[in-house]
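J.: Predicted coordinates and the sequence they were generated for:
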Amino acid sequence: MKIICLIKYVPDTEQFEYDYKTDKINREKSKLILNPDDRNAVAWALQKKKQQPSVEVEIVSMGPSKVEKELKDLIRLGADRAVLLNDRQFAGSDSLATSFILAGYLSQQKYDLILTGTHTLDGGTGHIGPQVAELLAVDQFSNISEIEETASDYIIAKAVQEERVFRLKIPTPCVLSVTHQMNLRLGFVRYENMDKNVDAQFSLVTNEELKLAQDEIGRKGSPTKVIKNIVAKRTKVENQEVAVDDAGIETVVQFLTEKGYL
């Protein structure tokens with residue numbers, strides 16, 4: 001069984017730099033972290049590989065060159081291969097153009113299961129999984145909370161839709177978009193593997209290999225036009241601890257009354 005995980009490194013909501021002149025997040029200067037939903041996709045795939053060593057796991061990400069180190073660390077964690085899709089022509093791609101690029105690469109690969117996250121911290125559209133599946137002409141489902149069983153020709157999984165849990169039998173190959181509610185632990189690279197040379201298992205893929213039309217990728221291939229971004233600024237709120245007694249209860253009641261909850 002071959003599993004391909006589509007992942008994205010997103011700006012850390014606590015440590016990012018916003019360029020107000022270009023009205024964009026500066027991804028080169030911002031700290032990037034593995035998107036929580038995608039982290040669970042990778043964790044499940046590597047867990048499956050530990051259970052069944054014959055399983056092959058490939059990691060695919062489209063992003064800046066600075067995430068090469070993070071991708072190589074996923075190889076050191078147990079992935080068989082990692083691929084970074086990086087090209088100046090990809091810059092400015094919205095979810096549709098990104099899906100064209102990902103599908104352009106995936107259409108040249110063999111796989112049984114494609115895993116990705118349902119949402120990302122920097123977008124949250126939930127478009128990538130369904131759009132990639134449509135372009136590849138395979139079945140898909142989003143909001144996957146559990147993968148119960150994998151067979152040679154089908155997968156049984158649970159998905160949460162509108163506060164209901166559905167148990168699904170999906171034929172392979174397919175695309176499953178998981179959620180961080182799977183609560184799987186990815187772990188860390190072992191000390192003895194931190195400097196392990198994995199260059200032979202890493203590939204940088206540009207549009208020279210994919211040969212995608214310029215009107216399908218980047219800004220030209222992106223029908224989404226953002227008029228204006230609004231940067232949400234977090235404010236720290238002081239915590240107040242109260243004792244479990246009459247005075248503490250009175251303090252809580254007063255607080256809830258002032259906020260309009262009582």
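T.: Thanks, I have the structure now. Residues are numbered from 1 along each chain as shown.
J.: So what touches stretch 200-214?
T.: Stretch 200-214 is contacted by residues 65, 68, 71-72, 75, 79-87, 89-90, 100-101, 104-105, 217, 220-221 when judged by CB atoms under 8 Å, 6 or more residues apart in numbering. Bear in mind the C-beta positions are built from the backbone N, C-alpha and C, glycine included.
J.: Flag every buried residue along it.
T.: 201-202, 205, 207, 210, 212 (16 or more other CB atoms under 10 Å).
J.: Also stretch 129-149?
T.: So stretch 129-149, judged by 16+ other CB under 10 Å, has buried residues 129-133, 135-136, 138-147.
J.: Stretch 34-49 too?
T.: 34-35, 37-46, 48-49.
J.: so can I have a markdown table of these showing distance to residue 256 and secondary structure?
T.: Output for the buried residues of stretch 34-49, formatted as a markdown table (distance: CB to CB, whole Å; DSSP: H, G, I helix; E, B strand; the rest coil):
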| residue | distance to residue 256 | secondary structure |
| --- | --- | --- |
| 34 | 38 | strand |
| 35 | 35 | coil |
| 37 | 34 | helix |
| 38 | 38 | helix |
| 39 | 36 | helix |
| 40 | 35 | helix |
| 41 | 40 | helix |
| 42 | 42 | helix |
| 43 | 39 | helix |
| 44 | 41 | helix |
| 45 | 45 | helix |
| 46 | 45 | helix |
| 48 | 46 | helix |
| 49 | 49 | helix |
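J.: Could I get the contacting residues of the spatially closest residue to residue 106 that is not a sequence neighbour?
T.: The shortest distance from residue 106 to any non-neighbouring residue, by CB to CB, 6 or more residues apart in numbering, is to residue 136 (6.1 Å). Counting by CB under 8 Å, 6+ apart, residue 136 touches 103, 106-107, 114, 173, 175.
J.: Cool, thanks, talk later.
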